[in-house]
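Peer 1: model this:
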Amino acid sequence: MTDASKLVAIVVPMYRETLDATEKVALKALDRHLGRYDRFVVHPMGLTLPDGFETFRAVPLSKRRFQTIHAYSAMLMSPDFYRLFQEYRYVLIYQTDCLVFRDELTEWCEAGYSYIGAPWLRKDRDKVRRRYLAVGNGGLSLRHVGDHLRVLQASRLRLGRKSEQSCRFFHCWRQGKRLIAHALACRRHAGRKTAAHTIRRRFDQAEDMFWCYYGPLLDPTYRIAPIEVALRFARERSAEGDFPADRDALPFGAHAWHKIDTARWLPFIDPQDAALLNAAPNEDKQA
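Peer 2: Numbering: from 1, shown residues only. Presented below is the predicted three-dimensional model:
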């Protein structure tokens, strides 16, 4: 146990009894760089965990939590999930398609953000025009437990509190329409259900979008890291010409590295871990 034992818990979701080569690399990197922190594996009840989780604390949960992507998202929008780790200030969600390159976890916790994850890239057919849109992806994300519980207790949706990234997001007709529908539902259920409960029960998108776009509308004190900071925390897709040039420019971690910019990430993987990859990677066609 370290001095950081109650600062942060690393949480790895696992729903299968086997690990493929890229997932083994992800766990090796986690062991190497973040092995001193408390680590948990959340998994369906009755699952036999694969090798690699011997030093993790197992947290068995209902099988239905892992049956679909929607069910998984609902779990990460549930106060019950965050209460499992409420003795810690932060949880680091580390899905098995992630990498970490060094131990900066304590420093990122001390930065004081409610949420930080890899910035999303704006969709554009012309990849030269793609720019970062917002923060950020939940696959590798640091979350303040108390702040998330406070959002989930919020009684009101504060439409006048939109951040710059929320304004860009809700300017899209489809997302603006969703926001209006959520606001009307909150009004209908006012006095019987909190706004947070109403929205999360209706929410049909990925859970990280709930936190990054609706979190600040439910709690004005909920702080999302700005894009320029989040780029130093993690990468998923990189804007044209913005991929880290060398090891010194690497972020703390990466998400979906085996699907996106794979060939670019490989030189930064420990040689022993890279040996686990028995198939040549394919460059992401959309990157």
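Peer 1: how far is stretch 84-101 from where the chain is centred?
Peer 2: How far stretch 84-101 lies from its chain's middle: 9 Å, per CA atoms, centre = their mean, to the nearest Å.
Peer 1: quick one: buried residues of it?
Peer 2: By 16 or more other CB atoms under 10 Å, the buried positions in stretch 84-101 come out as 84-85, 88-101. Heads up, the C-betas are built off the backbone N, CA and C, glycines and all.
Peer 1: report the rounded mean pLDDT for it.
Peer 2: In this model, stretch 84-101 has a mean pLDDT of 98.
Peer 1: do the same with stretch 158-166
Peer 2: The model assigns stretch 158-166 a mean pLDDT of 70.
Peer 1: same question for stretch 52-62.
Peer 2: 97.
Peer 1: out of the buried residues of stretch 84-101, list just those in strands.
Peer 2: Residues of the buried residues of stretch 84-101 located in strands (DSSP state E): Tyr90, Val91, Leu92, Ile93, Tyr94, Cys98, Leu99, Val100.
Peer 1: and the gap between the third one and Arg188?
Peer 2: Leu92 is 37 Å from Arg188, where distance means CB to CB, to the nearest Å.
Peer 1: contacts only, for the closest residue to Ile199 other than its chain neighbours.
Peer 2: Distances taken as CB to CB, 6 or more residues apart in numbering place His182 nearest to Ile199, at 5.0 Å, with adjacent residues excluded. By CB atoms under 8 Å, 6 or more residues apart in numbering, His182 lies in contact with Leu157, Thr198, Ile199, Arg202, Tyr214.
Peer 1: now the host helix or strand of Gly146: buried residues?
Peer 2: In the assignment (DSSP states H and E), Gly146 maps to helix 145-151. If you call a residue buried by 16+ other CB under 10 Å, then helix 145-151 has these buried ones: Val145, Asp147, His148, Arg150, Val151.
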